[in-house]
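Trainee: Build me a structure from this.
(chains A and B)
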Amino acid sequence: MAEARQIGADGRLRSTAAAAGDEAPAAARPGRGTAHDRWFRYGTLLPAVVLLLMLTVYPTVNLLMMSVSTIDFVQGGQVWNFTPARNFGRLLNDHVFAIALKNTLIFVVVTVVAEMVLGFALALLVSGAPRAKGIVRTLMILPILVPPVAIGSMWKLMYNYDFGIFNQALAVFGAMPLGWLSDPRIALASVILVDIWHWTPFVFLILFAGVEGLPKEVLEAARVDGATTWQTIRKVIIPLMMPSIAVAFLFRTIFAFKVFDEVYLLTSGGPGTATEVVSLHLYKVFFEQNNLGYGALLSLVIIVAIVTFLATARRFAPEAR
Amino acid sequence: MLALKGRELWIGYALLALSILLVVLPFLWILMTSFKYQIDIYTGAWVFTPTLFNYADVLFGPRSDFLTNVGNSLIVAAVSTVVVLVIGTLAAYSLAKLPWAPWISKAFLGWMLLFHMIPVLTIVGPWYLLFQEIGLYATLTGLILTHITINLPMTVWLMMAFFRDIPVELEEAARVDGCRRAQAFRKVVLPLAVPGLIAAGVIAFVFSWNEFSIALNLTSRGTATVPVGIAQFAQQYEIQNGQMAAASMISTIPAMLLMLFGQRFVVQGLTLGSVK
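Mentor: Got it, this is the predicted structure:
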């Protein structure tokens, strides 16, 4: 991923040129292998470039045109009308989008912080308990590989008001049952809990690889110098693991921002707008309200926000990517 | 690393046992639920007579499309995995080993990075319009194309990491012996990259099998995949809890198999793909 590192934000501006300019460098560098080798060079990259042009570049350009239009379906055909003011007006008055943004930010901050802390603690713990490594790693990978929709459906059953395992546990302690997903005050927290369960193992795997890669001599030196466990962690392990930490942090931030499957299944954004998140709002505008033009404008806003985030993250955490 | 000793070690093992329990417990509870009749689910019974009714109803019930869903998911995941491996591996080799101008590889990888980072729903709308126009809406072909696209970035990064670890000298030796580039790639480099191909293939298959938001919007009843099928069990007016649990359990089968047989490759892939 070394090359990707230097790009981040502005890569998309240049990509259309990338495909169009395939010929140029070959002409600029004569004598690079035989004609056969040159064909091989183009042939290897071309399928991927064509696919990206068709299915990512073209749709993104299309987003620009959609965002200033209203698209209706009349007798199976598409009718486009130029209505930029209407779409922008709707963006400014879209309170649900504002709520979705707020919920998403809360979701991202809480889940990422919790997952990083728990994942890091678990990684240290496992590396210090040699006999547990194999089994922990085997079981931890399970939540990551299971379909997110299945995770959502599993937790929906566990959160069930009448027979879910959580309310059964509360009953054991004589407490009143909670409406985990139906009470607006705790619905978002319930969804956050699912995400923490789902993704802490991923953070653990990345950080565990980092811990295992630490130079043993440095840690032993810290021990010999009389550092306590806590001092070793804070002064030696965390600084040495910054690259792994940054990667896990960036990955989780981005993926938490994209969350959709679990929330769709657990609450569909409800009750009311208590768990409405950005992707879910986008889905509703596009496919439930059939408002493709406004949906495209929302998409562009989100893409610009992510590009800005990546550019900023690159400045503040150069080792991340 | 921080080797725990004595009492610390026992507390450590206790905490680990607790975290393992927390990870596994939901699966066990749902597995249990999937073997219960509706009445036992509603009473929250811990002792009950197990039944295969839910599985039979999910797979063969007259109202259920789940077998079709499984078939669709298998086709889409298998075909898209094979194609993305071919396209992605070639592109990764090209970028890792062949003389491209830096701005071309940077633009290519940067675009893929950005595409990987944005919520996929931002682009599903344009796909919907495009596929309606060219007649791929609600077809498996359309879905396969989109799955190839979303799996391309991961495949390329993973394979680039593997190709970079293969020494140039091996290839040069083959070239000196009179191999063309394509032959050197096929006969020398590719066999050495097989672990990478397995890791990338496994991950692409799982991603495709698990993918929900595209399938939800670009399929119809006959082309829906497993995740869409599960969502339908959960969204009906009368929620079929037992069937939902059974369908969820069936959908975890690829993950379970991989955990048993291929976890070394998956862990390697997940950490390589994100750290390198």
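
Trainee: Torsion angles phi and psi at residue A:74?
Mentor: When read as degrees, to the nearest 10, the backbone of residue A:74 gives phi -110, psi 120.

Trainee: distance of residue B:112 from chain A?
Mentor: According to C-beta to the nearest C-beta, to the nearest Å, residue B:112 stands 7 Å off from chain A. Just so you know, the C-beta spots here come from the backbone N, C-alpha and C atoms, and that holds for glycine as well.

Trainee: Now do the buried residues in stretch A:302-316.
Mentor: A:302, A:303, A:306, A:307, A:309, A:310, A:313, A:314 (16 or more other C-beta atoms under 10 Å in any protein chain shown).

Trainee: mind checking the SS state of the nearest residue to the first one once chain neighbours are set aside?
Mentor: Spelled out, it's residue A:302. Distance criterion C-beta to C-beta, 6 or more residues apart in numbering or on different chains; nearest residue to residue A:302, sequence neighbours excluded, is residue B:122 at 5.7 Å. What DSSP: H, G, I helix; E, B strand; the rest coil gives for residue B:122 is helix.

Trainee: show me the contacts for residue B:122.
Mentor: A:63, A:282, A:298, A:299, A:302, A:303 (C-beta atoms under 8 Å, 6 or more residues apart in numbering or on different chains).

Trainee: switch the cut-off to 6 Å
Mentor: For residue B:122, the contact set (C-beta atoms under 6 Å, 6 or more residues apart in numbering or on different chains) comprises A:299, A:302, A:303.

Trainee: same check, this time on residue B:131
Mentor: Going by C-beta under 6 Å, 6+ apart, residue B:131 touches B:137, B:142.

Trainee: Show me where the chain dips below the pLDDT cut-off.
Mentor: By default, I'm working from chain A. Where chain A drops to pLDDT under 70, the residues are A:1-33, A:316-321.

Trainee: Chain B was what I was after
Mentor: By pLDDT under 70, the weakly predicted segments of chain B are B:1-3, B:236-237, B:271-276.

Trainee: Hmm, residue A:180 is touching residue A:190, no?
Mentor: Yes. Counting by C-beta atoms under 6 Å, residue A:190 is a contact partner of residue A:180 at 4.5 Å.

Trainee: Residue B:261: neighbouring residues, count only.
Mentor: Neighbour count of residue B:261, defined by other C-beta atoms under 10 Å in any protein chain shown: 11.

Trainee: Can you read off the backbone torsions of it?
Mentor: Torsion angles, degrees, to the nearest 10, at residue B:261: phi -110, psi -30.

Trainee: From chain A, how far out is it?
Mentor: Using C-beta to the nearest C-beta, residue B:261 is found at 11 Å from chain A.

Trainee: could you measure that residue against residue B:202, distance?
Mentor: According to C-beta to C-beta, to the nearest Å, residue B:261 stands 10 Å off from residue B:202.

Trainee: How about residue A:152?
Mentor: Distance from residue A:152 to residue B:202, counting by C-beta to C-beta: 23 Å.

Trainee: any idea how far residue A:241 is from residue A:127?
Mentor: According to C-beta to C-beta, residue A:127 and residue A:241 sit 11 Å apart.

Trainee: Give me every residue in the stretch 151-276 of chain B lying close to chain A.
Mentor: Residues of the stretch 151-276 of chain B found near chain A (C-beta under 6 Å from any C-beta of the partner chain) are B:157, B:180-182, B:206, B:210, B:212-213, B:217, B:227, B:230-231, B:234, B:244, B:248, B:251-252, B:255, B:259, B:263, B:270-271, B:274-276.

Trainee: Going through these, which ones are buried?
Mentor: Here, 16+ other C-beta under 10 Å leaves B:157, B:180-181, B:206, B:210, B:212-213, B:217, B:227, B:230-231, B:234, B:244, B:248, B:251-252, B:255, B:259, B:263, B:270-271, B:274-275 buried among those.

Trainee: So which residues of the stretch 151-300 of chain A form strands?
Mentor: Counting by DSSP state E, counting those that start in this stretch, the stretch 151-300 of chain A has no strands to list.

Trainee: Show me which residues of it sit near chain B.
Mentor: A:153-154, A:157, A:163, A:165, A:168, A:205-206, A:209, A:211, A:214, A:219, A:247, A:251, A:254, A:258, A:260-261, A:265, A:279, A:282-283, A:286-287, A:292, A:295, A:299.

Trainee: Please list the members of the residues you listed that lie in helices.
Mentor: By the criterion of DSSP state H, membership of those in helices covers A:153-154, A:157, A:165, A:168, A:205-206, A:209, A:211, A:219, A:247, A:251, A:254, A:261, A:265, A:279, A:282-283, A:292, A:295, A:299.

Trainee: Now which of these would you call buried?
Mentor: Here, 16+ other C-beta under 10 Å leaves A:153-154, A:157, A:165, A:168, A:205-206, A:209, A:211, A:219, A:247, A:251, A:254, A:261, A:265, A:279, A:282-283, A:292, A:295, A:299 buried among these.

Trainee: If we ignore the residues flanking it in sequence, what's nearest the residue minimising distance to the centre of chain A?
Mentor: Centroid-nearest residue in chain A, with C-alpha atoms, centre = their mean: residue A:255, separated by 0.9 Å. With C-beta to C-beta, 6+ apart as the criterion, residue A:255 has its nearest non-adjacent residue at 7.4 Å, and that residue is residue A:199.

Trainee: The one you found and residue A:108, how far apart?
Mentor: Note on residue A:199: its distance to residue A:108, by C-beta to C-beta, is 12 Å.

Trainee: Residue A:194 too?
Mentor: The separation that residue A:194 has from residue A:108, given C-beta to C-beta, amounts to 15 Å.

Trainee: who has more neighbours, the two?
Mentor: More crowded of residue A:194 and residue A:108, by other C-beta under 10 Å: residue A:194, with 26 against 22.
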